[in-house]
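Peer 1: Below is the sequence, then the predicted model.
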Amino acid sequence: MEIARVLEVDAIDLSDLAFWNRKVEEREGAFATLRAERPVPFTKERGLPGLALPVGAGYWSLTRHADILEASRNPELFSSAAGATSIQSLPAQFNEFFGGMINMDDPRHGAQRRIVSRGFTPRALARLEEGVRRRADAMIDRVIERGECDFVAELAAPLPLEVIVDLMGIPESATGMVFRNTNTILGLGDPELMAGDQDLVGTALRAGAELGALMKEMAEDRRKRPREDLTSVLLNAELEGGALASEDLTSFFVLLVVAGTETTRNAISHGMKALCDHPDERRRWQADFDGLAATAVEEIVRWASPVIFMRRNLTRDTATFGPEMKAGDKVVLWYASGNRDEAVFADPHRFDVGRSPNPHVGFGGPGPHFCLGANLARREIRVVFERIFARLPDLEITGPPDRLQSNFIHGIKRMPCRFTPGRPLGA
């Protein structure tokens with residue numbers, strides 16, 4: 001990718017929605033300018049249409065990889081409790097319901113994470129392996145005879161959602177509702193998905209309430225009739241750490257379906273686009289899939305940077321990064337910028353399926369908030385491309401991706417593709 005440094009440093013306004021509508025090359029160029037000339041800028045906050053919330057004074061930005069790592073390792077100074085997923089301060093009940101553990105500090109965060117991690121052990125993930133492959137083949141079977149489809153809706157989105165359906169024991173009849181509501185929650189601010197005059201907080205809360213009602217119904221059933229699913233495990237008070245409280249179970253479920261489906265589907269979508277844009281890298285991986293799978297998956301996550309930022313609030317004054325920051329100040333960790341830091345990544349704007357080392361922050365920085373589902377996401381990405389290479393080896397993207405308007409999720413809404421038609425397995 002050739003970046004375009006079209007903005008002078010004083011013209012870079014990360015709060016301006018117009019900035020996030022710029023071409024990716026121009027946004028990458030702007031972050032390169034910040035890393036070089038003003039790596040810790042202070043930006044005034046702006047309100048968002050439909051979001052009737054107080055507008056704060058502004059926020060500090062961390063654009064360098066090393067600074068993001070430093071903040072991530074120091075949760076006592078860089079707190080998540082006031083809200084991590086929005087630059088604007090959201091109501092406490094909103095953060096609690098939608099962010100769950102993301103919006104907590106220790107000791108409460110650690111206690112919940114220890115309980116929830118039961119479902120993400122190597123043994124638990126190994127049990128999912130065959131189901132992931134079966135789901136991937138079924139997904140391809142649904143489109144293979146047509147020779148074309150929307151890559152996002154039909155080849156990137158179904159697998160992560162269906163795996164979580166399996167993991168939690170959600171009835172398949174509820175899959176469509178879960179998909180619709182997760183799109184709503186993460187599409188806030190995109191004019192196509194949300195009318196400009198809508199109450200965005202109310203819209204998100206209604207979507208979350210529908211997901212929460214499903215979880216409440218499932219929890220009541222699993223307490224009476226436990227099964228071999230994550231919902232039952234999280235409700236098992238006899239295991240070490242005890243059970244999640246009902247309200248914590250609901251917020252974890254909302255977090256899992258939102259974070260666990262949207263981010264993986266966008267990594268897969270950006271990964272396919274990158275492989276089509278870099279055919280030599282695609283041929284290289286196809287020729288040695290197993291040998292390059294581990295590094296290729298990490299490069300896809302770095303390249304996609306599905307979560308663009310997370311926010312922290314300072315618990316005390318600090319000058320760690322140069323400027324004098326005050327207790328209570330907002331600090332935004334721009335993962336998308338850290339993943340292109342020239343001081344860490346050789347030729348960072350080159351897609352390289354064999355890149356090693358690759359210390360990206362696509363799953364967050366080191367520390368207590370590193371993505372709990374990172375290994376599940378890696379597994380899903382690997383299996384999707386294994387099956388695409390095996391069954392749709394000439395798949396090509398045939399039009400520009402329709403990108404989500406968001407400063408938080410690096411999303412693709414639609415992306416057309418075509419391939420040589422084939423036959424479903426067993427046909």
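Peer 2: Arrived safely.
Peer 1: how about low-confidence regions in the stretch 101-250 of the chain?
Peer 2: 186-199 (pLDDT under 70).
Peer 1: Please enumerate the strands of it.
Peer 2: Under the criterion DSSP state E, counting those that start in this stretch, the stretch 101-250 of the chain contains strands at 148-150.
Peer 1: for it, what spans make up the helices?
Peer 2: Assigned by DSSP state H, counting those that start in this stretch, the stretch 101-250 of the chain shows helices spanning 108-116, 122-141, 151, 158-168, 175-186, 200-224, 230-234, 246-277.
Peer 1: G29: which of those helices is closest?
Peer 2: helix 246-277 (17.7 Å; C-beta to C-beta). No exception for glycine: its C-beta is placed from N, CA and C like everyone else's.
Peer 1: Run the angle between the closest one and helix 158-168 for me.
Peer 2: Counting by axes from the mean of the first three to the mean of the last three C-alpha atoms, to 10 degrees, helix 246-277 lies at 150 degrees to helix 158-168.
Peer 1: ok, back up a step: of the helices of the stretch 101-250 of the chain, flag the one that's most buried.
Peer 2: Ranked by mean neighbour count, those are led by helix 151 with a mean of 29 (mean count of other C-beta atoms under 10 Å).
Peer 1: And that one, what does it pack against?
Peer 2: Based on contacts counted as 3 or more C-beta pairs under 8 Å, 6 or more residues apart in numbering; DSSP states H and E, there is no element that helix 151 packs against.
Peer 1: Show me the contact partners of it.
Peer 2: Helix 151 is contacted from outside by 269, 272, 395, 397, 415-417, using C-beta atoms under 8 Å, 6 or more residues apart in numbering.
Peer 1: Recalculate using a threshold of 10 Å.
Peer 2: Helix 151 has contacts (C-beta atoms under 10 Å, 6 or more residues apart in numbering) with 143, 157, 268-269, 272-273, 276, 388, 395-399, 401, 412, 414-419.
Peer 1: which of those residues are buried?
Peer 2: Neighbour-count burial (16 or more other C-beta atoms under 10 Å) applied to the contacts of helix 151 gives 143, 157, 268-269, 272-273, 276, 388, 395, 397, 401, 412, 415-419.
Peer 1: contacting residues for the residue lying closest to R418 once chain neighbours are set aside?
Peer 2: Residue nearest to R418 in three dimensions, not counting chain neighbours: E148, with 4.1 Å by C-beta to C-beta, 6 or more residues apart in numbering. Taking C-beta under 10 Å, 6+ apart, we find E148 in contact with 154, 395-396, 398, 416-419, 421.
Peer 1: Turn those into TSV, columns for secondary structure.
Peer 2: Shown next, in TSV, are those (DSSP: H, G, I helix; E, B strand; the rest coil):
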residue	secondary structure
E154	helix
L395	coil
E396	strand
T398	coil
P416	strand
C417	strand
R418	strand
F419	coil
P421	coil
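Peer 1: Would you format these as JSON lines with distance to A111 included?
Peer 2: Below are the contacts of E148 laid out as JSON lines (distance: C-beta to C-beta, whole Å):
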{"residue": "E154", "distance to A111": "40"}
{"residue": "L395", "distance to A111": "45"}
{"residue": "E396", "distance to A111": "48"}
{"residue": "T398", "distance to A111": "49"}
{"residue": "P416", "distance to A111": "46"}
{"residue": "C417", "distance to A111": "44"}
{"residue": "R418", "distance to A111": "50"}
{"residue": "F419", "distance to A111": "48"}
{"residue": "P421", "distance to A111": "52"}
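Peer 1: quick one: which of those is nearest L255?
Peer 2: When the contacts of E148 are compared against L255 (criterion: C-beta to C-beta), the nearest one is E154, at 25.5 Å.
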